[in-house]
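Undergrad: this one's structure only:
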Ligand SMILES: [Zn+2]
């Protein structure tokens, strides 16, 4: 099948994956999930711009129940998002704490299953996700084994046997930035921050990872100036 459903979050991994998918598939649908996350407004702004860049339609699905059932710092306005320095990105115990604070129950499992329902209904064969091997160390739902496992599950839960593809799952964030440059992905449009500010906070784990990856590719100064950070 020549069409796909692209799960877009507005972040680096999904934006780069979407650009690759755009080149490989004839058409498709971008899907953004609003689960009441703090960053919903800047993320929505980013996915609108990215889907326009891709010239693909965008569907926004709301999951208000998810925000109600979890106290994760990504959603709950009274819980603070953990702040990290660049050097702490290498400390496993700090990252484990950060992950526990921002973990949303079965988030990627839910999102992929929603995307699979769209794919099956529309007759699209593939679901495109971001993911990266760097965060897969502490986020198991970001990993290549997870993609393999959920594909096995989808082979039973969809008659069409919709299949998840992740073009970035075996890459670090540095390598994904390199791939973004190579493929012409719109780095200037992404939103990677866990927070809801007008600009990236440059204090959360996600901002720190983005900064490190951009800096290692001589793109940080460009991004900083472009986004007024
Ligand atoms: Zn941030």
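TA: Structure received. Note that the structure is a prediction, hence the values are computed from the model and not measured.

Undergrad: helices of the chain, residue ranges please.
TA: For the chain, helices defined by DSSP state H occupy the ranges 12-24, 40-54, 64-69, 92-102, 107-122, 133-136, 144-157, 173-183, 205-215, 220-227.

Undergrad: buried set for the lowest-mean-pLDDT helix or strand in the chain?
TA: One helix or strand of the chain scores below all others by mean pLDDT, DSSP states H and E: helix 92-102, with a mean of 77. Within helix 92-102, the residues that qualify as buried are 94-95, 98-99, 101-102, counting by 16 or more other Cβ atoms under 10 Å. Using the backbone N, CA and C atoms, a C-beta is placed for each residue, glycine as well.

Undergrad: could you do stretch 4-12 as well?
TA: Buried, per 16+ other Cβ under 10 Å, within stretch 4-12: 4-12.

Undergrad: same question, stretch 76-91
TA: Of all the residues in stretch 76-91, those buried under the rule 16+ other Cβ under 10 Å are 81-82, 84, 88-89.

Undergrad: now the residues you listed in TSV, with distance to the ion and pLDDT?
TA: Formatted as TSV, the buried residues of stretch 76-91 follow (distance: Cβ to the ion, whole Å; pLDDT from 0 to 100):
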residue	distance to the ion	pLDDT
81	7	80
82	10	80
84	9	76
88	14	74
89	13	76
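
Undergrad: could I get the residues you listed as CSV with distance to residue 59?
TA: Below are those laid out as CSV (distance: Cβ to Cβ, whole Å):
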residue, distance to residue 59
81, 27
82, 32
84, 33
88, 37
89, 34
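
Undergrad: farthest pair in the residues you listed?
TA: 81 and 89 (15.2 Å; Cβ to Cβ).

Undergrad: ok, which of the helices of the chain comes nearest residue 192?
TA: helix 205-215 (4.4 Å).

Undergrad: packing partners for that closest one?
TA: On a contact count with 3 or more Cβ pairs under 8 Å, 6 or more residues apart in numbering; DSSP states H and E, helix 205-215 meets helix 92-102, helix 173-183, helix 220-227.

Undergrad: no further questions, thank you.
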